[in-house]
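Asker: I'd like to go over a predicted model; first the sequence, then the structure.
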Amino acid sequence: MSPRFRSYALDVARGCCLVIMTVDHVPRNIFGRFSNILFGPFGFFTAASAFVFISGLVSAWSYGSIYREQGSIATWRHSLRRAVQLYAVNSCLFLLILVGFLLGLMPGLRLDAEYEPLFYEPWIALYRNL
């Protein structure tokens, strides 16, 4: 595969996996009765395992071409740069949500029973996320 190739079908499949994982984590979700704890909601695999498999496949395609053309040091450099980018975005989004809760900008959400540390001990929740 060339490094410029992008499979939108795999992007859609990963997006569907993310949606299913989100629905699975919603408290008292209506699709819970369709989930099988041992084998996942689809019978033999979970959305999380499908997401990890597809993401690994896409990573192998993208970083494999870098490894073939530039070697292992460049591959590590690219992968660590991407990991730092993802960590920074995740931390910024978490801090944005934390500030929103601390300033009371989200009063309509009734999440205090589900996310007690975020409401009653926000600094401990911040420490656990970082």
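Answerer: Everything's here; your move. Numbering: from 1, shown residues only.

Asker: what helix or strand is Ile66 on?
Answerer: helix 47-70 (DSSP states H and E).

Asker: Pull out the buried positions in that helix.
Answerer: Within helix 47-70, the residues that count as buried by 16 or more other C-beta atoms under 10 Å are Ala47, Ala50, Phe51, Ile54, Trp61, Ser62, Tyr63, Ser65, Ile66, Tyr67. (Glycine included, C-beta is placed from N, CA and C.)

Asker: Same check on stretch 7-22?
Answerer: Buried, per 16+ other C-beta under 10 Å, within stretch 7-22: Ala13, Arg14, Cys17, Ile20.

Asker: Now do it, average pLDDT.
Answerer: Stretch 7-22 shows a mean pLDDT of 88.

Asker: Residues in contact with that stretch: which ones?
Answerer: Residues from elsewhere that reach stretch 7-22, judged by C-beta atoms under 8 Å, 6 or more residues apart in numbering: Pro41, Ala47, Ala48, Ala50, Phe51, Ile54, Ser55, Leu57, Val58.

Asker: can you do 7 Å?
Answerer: Pro41, Ala47, Ala48, Ala50, Phe51, Ile54, Ser55, Val58 (C-beta atoms under 7 Å, 6 or more residues apart in numbering).

Asker: circling back: which of the buried residues of stretch 7-22 sits closest to Arg77?
Answerer: Arg14 (24.5 Å; C-beta to C-beta).

Asker: Next, the angle from the helix or strand where that closest one lies to helix 47-70.
Answerer: Element membership for Arg14 (DSSP H and E) is helix 8-25. Relative orientation of helix 8-25 versus helix 47-70 (axes from the mean of the first three to the mean of the last three C-alpha atoms, to 10 degrees): 140 degrees.

Asker: Could you list the low-confidence segments of this protein?
Answerer: Residues of the chain that meet the criterion pLDDT under 70 lie in 1-4, 27-44, 106-120, 122, 125-126, 128-130.

Asker: and the longest helix for it?
Answerer: helix 72-102 (DSSP state H).

Asker: in it, what counts as buried?
Answerer: Here helix 72-102 shows Thr75, Leu98, Phe101 as buried, counting by 16+ other C-beta under 10 Å.
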